[in-house]
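Engineer: sequence-free structure coming up:
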Ligand SMILES: Cc1ncc(COP(=O)(O)O)c(C=O)c1O
């Protein structure tokens with residue numbers, strides 16, 4: 001069997017072609033390595049895909065989250081709720097600003113925040129200090145959350161919605177691209193190598209207003225203002241720092257890679273969807289459950305997650321079995337509230353039962369551009385062998 005062993009060794013990996021290499025080399029040979037024309041172009045292309053002109057490229061989704069939170073006024077008086085099934089960055093970025101964090105349990109089918117549990121929790125705390133000013137929804141694995149329902153609740157209970165769309169570039173909710181800010185005030189994407197497209201490290205922040213974009217751009221670069229003074233006739237070297245910011249900037253080399261990668265985004269999403277379908281068809285008879293995608297939506301399938309439904313089989317045994325066969329798999333994620341740091345904040349096991357049940361049974365199987373059907377067949381055969389043992 002002419003198997004591409006490297007392709008099955010990781011649950012996800014980048015896909016780099018000659019066009020990507022040329023794009024980065026062109027940038028390297030150009031006059032700009034830091035901010036330059038390719039960043040502007042990359043932001044325009046992202047904006048076109050997401051139907052939103054207010055785009056800022058940054059050095060990671062973590063930075064984008066922090067900027068999103070800061071420009072919307074999150075501080076040590078704020079309460080932010082999110083899903084316990086996410087990467088720690090989603091809530092850490094708000095903790096960095098001093099906010100109080102809490103979680104809302106997931107829907108066991110979609111694996112996203114459960115709108116019903118959200119409403120119940122909101123109604124309990126309404127009018128108290130625990131009532132959230134902010135909710136960060138996570139389109140987990142690229143599967144869009146029920147944004148209409150969440151938007152309705154945000155109007156009723158008066159909180160702002162932020163989308164951690166780190167997994168969801170290229171996904172569509174009810175026919176609309178994730179990132180268009182129809183139902184939220186900010187969206188964040190990640191361009192880490194395992195994500196939908198890569199810039200090495202990198203991320204983007206999409207906002208619902210040009211004013212917020214200008215604020216985020218300023219914070220992204222030390223809180224410094226330069227253009228305004230040039231317009232006022234000051235010399236080019238003049239700038240003023242007017243608030244405390246960061247260096248969260250993306251480089252021209254990263255943007256060059258992103259610009260080339262983004263031309264293949266649709267193809268990437270299509271392939272991931274096709275492979276996910278093949279997995280489900282092949283493993284139909286085995287005790288596995290998959291993430292439910294609403295028929296009106298398009299998941300970007302950043303992750304292909306299986307849940308073992310027969311308690312006779314243990315996730316960790318499956319993990320070891322696949323690892324022995326050099327099949328890359330991963331657990332996404334350890335529920336955030338179970339990390340020692342969060343336990344010190346007062347969280348403990350038992351608080352979010354669906355998230356914890358999910359965690360016990362889940363495994364992400366390989367899903368990326370470099371996988372072919374032959375490799376998928378090999379992975380499925382390994383799973384079948386495990387369940388027959
Ligand atoms: C849901 C989610 N949010 C945020 C991040 C942080 O992304 P980055 O590595 O680009 O900072 C990740 C990364 O894995 C993620 O999965």
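Structural biologist: Looks like it arrived, so ask away. For clarity, every value in this text was computed on a predicted model and none was experimentally measured.
Engineer: so where do the strands sit in the chain?
Structural biologist: 55-58, 79-82, 100-103, 134-138, 160-164, 172-173, 176-177, 186-190, 203-207, 224-225, 240-241, 288-290, 304-308, 362-365 (DSSP state E).
Engineer: ok, so what distance separates residue 259 from the ligand?
Structural biologist: 18 Å (Cβ to the nearest ligand atom, to the nearest Å). No exception for glycine: its C-beta is placed from N, CA and C like everyone else's.
Engineer: you'd agree that residue is up against residue 39?
Structural biologist: No: applying Cβ atoms under 8 Å as the test, residue 259 and residue 39 come out as separate, 9.1 Å apart.
Engineer: Please look at residue 107 and residue 140 and confirm they touch.
Structural biologist: No: using Cβ under 8 Å, residue 107 is not in contact with residue 140; the gap is 10.1 Å.
Engineer: These two: which is more packed in?
Structural biologist: Neighbour totals were compared for residue 107 and residue 140, and residue 140 leads with 28 against 19 (other Cβ atoms under 10 Å).
Engineer: so how far is residue 178 from that one?
Structural biologist: 12 Å (Cβ to Cβ, to the nearest Å).
Engineer: do the same with residue 113
Structural biologist: 15 Å.
Engineer: Can you tell me the number of residues neighbouring residue 384?
Structural biologist: So residue 384, with other Cβ under 10 Å, has 13 neighbours.
Engineer: same check, this time on residue 6
Structural biologist: Residue 6 is flanked by 12 other residues according to other Cβ under 10 Å.
Engineer: list the contacts for the closest residue to it other than its chain neighbours?
Structural biologist: Excluding its sequence neighbours, the residue lying closest to residue 6 (Cβ to Cβ, 6 or more residues apart in numbering) is residue 370, at 7.7 Å. Counting by Cβ atoms under 8 Å, 6 or more residues apart in numbering, residue 370 makes contact with 4, 6-7, 13, 15.
Engineer: winner for burial among the strands of the chain?
Structural biologist: Most buried of the strands of the chain, by mean neighbour count (mean count of other Cβ atoms under 10 Å): strand 186-190, with a mean of 30.
Engineer: where does the chain dip in pLDDT?
Structural biologist: The model of the chain has pLDDT under 70 over residues 1, 389.
Engineer: Name the residue closest to the centre of it, please.
Structural biologist: residue 166 (1.6 Å; Cα atoms, centre = their mean).
Engineer: list the contacts for that residue?
Structural biologist: 61, 87, 89, 138, 188-190, 195, 203.
Engineer: Tabulate these in a markdown table, adding columns for distance to the ligand.
Structural biologist: Output for these, formatted as a markdown table (distance: Cβ to the nearest ligand atom, whole Å):
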| residue | distance to the ligand |
| --- | --- |
| 61 | 3 |
| 87 | 4 |
| 89 | 4 |
| 138 | 5 |
| 188 | 7 |
| 189 | 8 |
| 190 | 3 |
| 195 | 7 |
| 203 | 5 |
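Engineer: which of these sit farthest apart?
Structural biologist: In those, two members sit farther apart than any others by Cβ to Cβ. They are 138 and 203, at 14.4 Å.
Engineer: who's in contact with the longest helix seen in the chain?
Structural biologist: If you go by DSSP state H, the chain has its longest helix at helix 265-282. Here helix 265-282 makes contact (Cβ under 8 Å, 6+ apart) with 15, 49, 142, 169-171, 196-197, 290, 298-302, 304, 306, 365, 367-369, 371, 373, 376-377, 379-380.
Engineer: Filter those residues down to the ones in helices?
Structural biologist: Going by DSSP H, the helices hold 49, 373, 376-377, 379-380 from the contacts of helix 265-282.
Engineer: among the residues you listed, which ones are buried?
Structural biologist: Among the ones in helices among the contacts of helix 265-282, the ones that count as buried by 16 or more other Cβ atoms under 10 Å are 49, 376, 379-380.
Engineer: ok, of those, which one's closest to the ligand?
Structural biologist: Of all these, the ligand sits closest to residue 49, with 17.8 Å by Cβ to the nearest ligand atom.
Engineer: residue contacts, that closest one?
Structural biologist: By Cβ under 8 Å, 6+ apart, the neighbours of residue 49 are 169-170, 177, 179, 262, 265.
Engineer: just residue 63 next, same as before
Structural biologist: Residue 63 is in contact with 203, 220, 246, 248, counting by Cβ under 8 Å, 6+ apart.
Engineer: Can you give me the neighbour number for the second one?
Structural biologist: Right, the one you point to is residue 220. If you count neighbours by other Cβ under 10 Å, residue 220 ends up with 24.
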